[in-house]
Each structure stands twice: as structure tokens, then as C-alpha cells.
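Trainee: Return atomic coordinates for the entry below.
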Amino acid sequence: RGKVAIIIKVVQQVTLGVIYGGIYKVGSDQASIMDRFGLLSLIAIGSMNMSVASTIRSFTKEKAIVSSEMAGGMYRTLPYFLAKAISEIPLVGVFNALFSTIIYPMAGLQKGKFMEFIGLTTLHTLTGEAVGLLVGSFSPNSDVALSLFPAIVVMNIIFDGRNISEENTPKLLKILPKVSIIRWGFEGLSVNEFNGLEFSPENRRGPLVKTGNEALARFGMSERKLVEVIGAQRNIIAACWFMSLVGIGLNSANFKTMVSP
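Mentor: Numbering: from 1, shown residues only. Now for the predicted structure:
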């Protein structure tokens with residue numbers, strides 16, 4: 001592991017935690033409903049951006065070396081990929097725990113849901129990294145991979161379940177809301193945060209919302225369960241890992257081992 005890369009990620013998590021926590025101070029009045037949704041949306045978008053971008057940058061550079069080594073018979077594709085994917089989990093958990101430790105008390109998010117919050121942000125980040133691996137595995141170089149990154153972010157934001165309803169999504173694009181990383185990250189964090197909350201009538205904006213479940217209903221999430229969110233993200237990770245494995249295998253096949261004349 002590069003010490004510089006780890007330090008940069010630590011600084012990123014601390015900086016974001018302090019910025020978000022310094023801006024958002026949620027309470028129990030009606031105005032806090034919008035603030036909570038806004039904060040959770042920013043967390044989902046920011047985590048997705050950083051996880052996909054950082055993985056694309058690092059993996060595309062690493063891939064050329066790994067592909068040539070696999071072509072030379074030093075190791076096979078599956079053991080390498082499993083080792084790489086699994087080795088990311090502890091660090092992702094540490095980074096998200098650091099971020100959560102800062103943002104959770106500073107913003108005043110619901111007490112008693114802290115560990116679930118860490119788990120959901122970690123899973124969300126792992127999902128983003130899986131997408132980054134997929135893009136990097138099929139891209140010939142980092143320039144091509146990074147050029148695809150803005151389109152991936154925009155499509156995830158558009159089909160996050162709030163900017164266009166799933167019912168009105170064009171037929172040819174119906175699959176996109178189901179695989180939107182931001183959508184599942186946001187919904188998981190929202191369900192975890194709002195279930196069990198009660199709101200006072202102060203600072204009322206529009207219809208009175210008394211409970212967190214009523215707030216979730218505004219976004220069509222009143223019936224959403226965390227197990228559904230976790231299952232969707234698990235499926236995205238599995239699909240991305242499988243296709244990434246195929247992509248790495250195809251790249252290694254492009255290298256030929258040098259033999260003595």
C-alpha cells in the first residue's frame with residue numbers, strides 16, 4: 001500500500017466530515033427533514049464519486065503490470081482479483097468509520113443508528129469501487145477510463161429515484177434506476193436515518209410531517225427495507241466483479257511471454 005495514497009484518503013474523509021458537519025445541524029422540526037435528505041444525498045454522491053474515481057485511477061495503472069505478469073504465468077486471474085477485491089474491504093471500513101465518527105455527532109443524526117450508518121456507507125463505497133474496477137478492467141488506459149467517469153456520475157444522479165420516477169423512465173433505460181449506485185446508497189441511508197424519527201410542527205413547510213416514515217413516503221421509500229437495499233448493492237458488486245474478472249482475463253490475453261530464440 002502506498003502511504004501517500006492512504007494519507008490522501010484520510011485527509012479526504014476528515015475534510016468532508018468536517019465540512020458536512022459544519023454546515024448541517026439537523027434537529028426535529030419540519031425544516032430538518034429537507035436538511036437530512038440533503039445531507040444523506042451529498043454523502044451518497046460524494047462517496048460514489050471518490051470511490052469510482054480513485055479506483056479507476058489506480059487500477060488502470062496497475063492493470064498493465066498485472067496483465068503482463070499473468071501472461072508470464074506468475075499467477076492466475078482469479079486469485080489475483082479475489083485478493084485485490086477482499087484486501088480493499090478493511091481499509092474501506094476504516095475510512096468510512098473515520099468519516100462517520102466525525103459527521104454523525106456533528107450533524108446530529110439519529111442516535112442508535114451509528115453502526116448501521118458505518119455499514120451502509122462502507123457497502124456503498126465498495127459498490128462504487130466495484131464499478132470503478134469494471135470500468136478500469138475494460139479501458140485500455142486511464143485516460144479512456146477517466147473520460148467515462150463524468151457520464152457514469154451523471155447517469156447515476158439522473159436515475160437516483162428522485163430526479164425522474166422509475167415509472168416515467170424510458171423503456172430502453174428501465175434498467176438504470178435498478179443499478180444506480182447513488183439511488184441505493186441514498187435510499188439505504190434514508191431508511192436507516194428516518195425510521196423511528198418523530199418531528200415537531202415548528203418551521204413547517206407544506207403539509208405537516210409527523211414521523212420519519214411519512215417523510216420517506218414523499219420519496220416513495222416508506223415500504224423500502226434495508227435488506228432490499230443491501231441485496232441490490234450486493235448484486236451490483238457481484239455483477240461488476242464478475243465482468244471485471246472477464247475484462248482482466250481479456251487484457252492478460254493480449255500479452256505474450258518472451259521466449260529465448
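
Trainee: only C-alpha atoms for contact and neighbour calcs from this point on.
Mentor: Will do.

Trainee: Now do stretch 119-138: everything it contacts.
Mentor: Identification of contacts with stretch 119-138 by CA atoms under 8 Å, 6 or more residues apart in numbering yields 44, 47-49, 51-56, 59-60, 63, 89, 92-93, 96, 142, 145, 148, 181, 184-185, 188-189, 230, 233-234, 236-237, 240-241, 243-245, 247-248, 251.

Trainee: what ranges do the strands span in the stretch 151-261 of the chain?
Mentor: Shown for the stretch 151-261 of the chain, no strands are assigned by DSSP state E, counting those that start in this stretch.

Trainee: residue ranges with poor pLDDT in it?
Mentor: 251-261 (pLDDT under 70).

Trainee: ranges for the helices of it?
Mentor: Secondary structure of the stretch 151-261 of the chain (DSSP state H, counting those that start in this stretch): helices at 175-178, 181-194, 212-217, 226-252.

Trainee: Contact partners for Ile102?
Mentor: Contacts of Ile102 (CA under 8 Å, 6+ apart): Val14, Gly17, Val18, Gly21.

Trainee: So the second one is in contact with Ser100, correct?
Mentor: Right, Gly17. Yes - using CA atoms under 8 Å, Gly17 is in contact with Ser100, at 7.3 Å.

Trainee: circling back to that earlier point, quick one: buried ones out of the contacts of Ile102?
Mentor: Buried by 16 or more other CA atoms under 10 Å: Val14, Gly17, Val18, Gly21, out of those.

Trainee: for the spatially closest residue to the first one that is not a sequence neighbour, what are its contacts?
Mentor: Closest residue in space to Val14, ignoring its immediate chain neighbours: Phe99 at 6.0 Å, by CA to CA, 6 or more residues apart in numbering. Under the criterion of CA under 8 Å, 6+ apart, the contact list for Phe99 reads Gln13, Val14, Leu16, Gly17.

Trainee: Let's see which of those end up in helices.
Mentor: Within these, residues falling in helices by DSSP state H are Gln13, Val14, Leu16, Gly17.

Trainee: Please report how far the closest residue to the first one other than its chain neighbours lies from Pro105.
Mentor: To tie it back to what came earlier, the one meant is Gln13. Nearest residue to Gln13, sequence neighbours excluded (CA to CA, 6+ apart): Phe99, at 5.1 Å. Noted for Phe99: a distance of 11 Å to Pro105, by CA to CA, to the nearest Å.
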